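K.L.:
Pasted the sequence and its predicted model underneath.
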Amino acid sequence: MNWSEEHSTIIAGLDLGTTKVCAVIAEQVAERPPRIIGIGQHPSEGIQRGAIVDAEKTVRAIGEAVRQAELMAGVEIDSVYAGISGEYIASLNSTGMVAVGGEGGWIGAQDRARVLAAAGVVKVPFDREVLHVLPQEFAVNGQRGILDPVGMYGVRLEASVHVVTSSVAAVRNICHSILRAGVDVRGVVLGGLASSYAVLSEDERQMGVCLLDIGGGTTDVAVFVGKGLRHSGNVGLGGHNVTNDIGVGLRTTRAEAEQAKCAGVPSETVALIVAARMEEILALARKQVYTALPHAALGAGIVLTGGGAQITGAVALAERVFNMPVRLGEPSGFEGGAAELAGLSYATVLGLLLYGMEQQKEKNQTEAQGLVEDPFDSVFGRVKRWLQPRD
């Protein structure tokens, strides 16, 4: 994170996908929307379904994507927010309660931090690490549905949170690869959460919405109700499975299968193959959503994003499977000519930028209020300590 003399913020996002590694650099001046100033990408040959399978190829891809973005932007970056997704991600909902410690019973930022810390204390296996503790809602003296309790009066403060955990090995491998490419890790962010920052509106989060980010190897699932994340998960299938099916069905090469998949008007045979696999992916996502949240009220319907959402007929298939309105989630919230390069496949990396800017803003406010520890920093402080060589 760099600050120029004009008080502009330079921030970078890095999406480690099955199809490509993509780095994006943005600049924000004052309260204006961020402006994309650099984009770089490189084919991803060392990552499958969100997991690193070839460290050397991954390091090279990260280095090349970052180098391209820096050349386009005309700046050097020292850290990135990296997206993470895959079947090694798990989540659960938790609650916590504390007595209000503020003077005269008035709830302060310290009380809010304490109750979130209490709610985030969950039992996880030794090989897993808490990635996020995301507030859903608060309750003061039993009154629920409160989004921010700071400034209210009470004696008992409760919090409902969504806790996301990840494999320790997965986080270590990702962070180590980025560090070897010459860039520090500012934070590791759940891919579906990052995408939501770029494609969902506040009204959709409030009404209830399911975001499906269909990538090359996996599909991220994120359900928001009342502005809070209520469920996050992953389906281990994506656009590459569609390509493989076409290749087998037509007995053709992978390149030709990819071209057939992306055709605006596919042949009848290709359309049937695509529909079968896409319907399976959507049905698995639907089952996951309603298993976790049987009574989920998704007033805003379904939002599709990611490269796989660009497949012809994806919206119509999703409407049939979920029996509710479906739209494509185009990233928004940026300005500048480079923003024209952004599409559905850039949702995660652009969301990482917006997420990072919000985190920096919240950190500045936290420091101004005299709070010592940023929970976000504490998680990745541990990651960095893991990666340091031992004496």
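P.N.:
It's in. Residues are numbered from 1 along each chain as shown.

K.L.:
ok, now which ones touch the spatially closest residue to I302 that is not a sequence neighbour?
P.N.:
Excluding the flanking residues, the one nearest I302 by Cβ to Cβ, 6 or more residues apart in numbering is V326, at 4.4 Å. Quick note: C-beta positions are derived from backbone N, CA and C, even for glycine. Residues in contact with V326, defined by Cβ atoms under 8 Å, 6 or more residues apart in numbering, are 301-304, 315, 318-319.

K.L.:
now the farthest one out in the protein, which residue is it?
P.N.:
G104 (39.4 Å; Cα atoms, centre = their mean).

K.L.:
Report the separation between S201 and L354.
P.N.:
13 Å (Cβ to Cβ, to the nearest Å).

K.L.:
whoops, I mixed them up, R156
P.N.:
R156 is 34 Å from L354, by Cβ to Cβ.

K.L.:
More neighbours: those two, which one.
P.N.:
Taking neighbours as other Cβ atoms under 10 Å, R156 and L354 compare with L354 leading, 24 against 13.

K.L.:
for the one helix or strand the more buried one maps to, packing partners?
P.N.:
Here L354, judged by DSSP states H and E, is contained in helix 347-368. Under the contact criterion of 3 or more Cβ pairs under 8 Å, 6 or more residues apart in numbering; DSSP states H and E, helix 347-368 touches strand 8-16, strand 20-29, strand 79-84, strand 184-190, helix 191-199, helix 375-387.

K.L.:
Quick one: closest of the ones you listed to V164.
P.N.:
strand 184-190 (5.3 Å; Cβ to Cβ).

K.L.:
what's the distance between L354 and T348?
P.N.:
According to Cβ to Cβ, L354 and T348 sit 11 Å apart.

K.L.:
same question, V164
P.N.:
For V164 relative to T348 (Cβ to Cβ), the value is 15 Å.

K.L.:
got the angle between the helix or strand that G63 is a member of and strand 20-29?
P.N.:
Assigned by DSSP H and E, G63 belongs to helix 55-73. Relative orientation of helix 55-73 and strand 20-29, computed by axes from the mean of the first three to the mean of the last three Cα atoms, to 10 degrees: 30 degrees.

K.L.:
show me where the stretch 151-300 of the chain has strands.
P.N.:
All strands of the stretch 151-300 of the chain, identified by DSSP state E, counting those that start in this stretch, fall at 156-167, 184-190, 209-214, 219-225, 228-235.

K.L.:
tell me the most buried of the helices and strands packed on helix 347-368?
P.N.:
helix 191-199 (a mean of 28; mean count of other Cβ atoms under 10 Å).

K.L.:
which secondary structure elements does that one contact?
P.N.:
By 3+ Cβ pairs under 8 Å, 6+ apart, helix 191-199 packs against strand 79-84, strand 209-214, strand 219-225, strand 228-235, strand 302-305, helix 347-368.

K.L.:
The fourth one pairs with which strands?
P.N.:
Each strand that pairs with strand 228-235, with its direction, by DSSP bridges: strand 219-225 (antiparallel).

K.L.:
can you check the shortest one too?
P.N.:
When sheet partners are counted by DSSP bridges, strand 302-305 sits next to strand 209-214 (parallel), strand 326-328 (parallel).

K.L.:
following it, which helix or strand shows up next?
P.N.:
That would be, after strand 302-305 and using DSSP H and E, helix 314-322.

K.L.:
Can you list the low-confidence ranges for this structure?
P.N.:
Residue ranges of the chain with pLDDT under 70: 1-7, 102, 336-342, 364-391.

K.L.:
okay, now the domains of it?
P.N.:
For the chain, automatic domain parsing gives the domain ranges 2-87+168-190+346-387, 89-165, 195-328.

K.L.:
and of those domains, who's closest to E335?
P.N.:
Of those, nearest to E335 by Cβ to Cβ is domain 2-87+168-190+346-387, at 4.8 Å.

K.L.:
right, and R112 touches G151 too?
P.N.:
No. Contact criterion Cβ atoms under 8 Å: R112 and G151 do not qualify, at 10.1 Å.

K.L.:
These two: which has the busier surroundings?
P.N.:
More neighbours surround R112 than the other of R112 and G151, with 20 against 10 (other Cβ under 10 Å).

K.L.:
Tell me which residues touch the more buried one, please.
P.N.:
With contacts taken as Cβ under 8 Å, 6+ apart, R112 has the following neighbours: 138, 148-150, 157, 159.

K.L.:
nearest to Q288, of those?
P.N.:
For these, the nearest to Q288 is A159 (25.1 Å; Cβ to Cβ).

K.L.:
partner residues bridging that closest one?
P.N.:
In beta-bridge terms (that is, DSSP bridges), A159 pairs with G96, F138.

K.L.:
For it, which residues are in contact?
P.N.:
95-97, 112, 115-116, 118-119, 135, 137-139.

K.L.:
any chance of these in TSV, with distance to E56 too?
P.N.:
Shown next, in TSV, are the contacts of A159 (distance: Cβ to Cβ, whole Å):
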residue	distance to E56
T95	44
G96	43
M97	49
R112	44
V115	45
L116	39
A118	43
A119	41
P135	40
E137	45
F138	47
A139	50
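
K.L.:
E256: which of these is nearest?
P.N.:
P135 (48.2 Å).

K.L.:
Assign a three-state SS to that closest one, would you?
P.N.:
State at P135, reduced to three classes by DSSP: H, G, I helix; E, B strand; the rest coil: strand.

K.L.:
Common neighbours of L354 and T348, please.
P.N.:
A198.

K.L.:
picking that back up, mind putting the domains of the chain into JSON lines with distance to E335?
P.N.:
As requested, the domains of the chain are exported to JSON lines (distance: least, Cβ to Cβ, whole Å):
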{"stretch": "domain 2-87+168-190+346-387", "distance to E335": "5"}
{"stretch": "domain 89-165", "distance to E335": "28"}
{"stretch": "domain 195-328", "distance to E335": "14"}
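
K.L.:
what's the closest of those domains to F334?
P.N.:
Between the domains of the chain, domain 2-87+168-190+346-387 lies closest to F334; by Cβ to Cβ that is 5.4 Å.

K.L.:
Any idea how far stretch 153-161 is from the middle of the chain?
P.N.:
27 Å (Cα atoms, centre = their mean, to the nearest Å).
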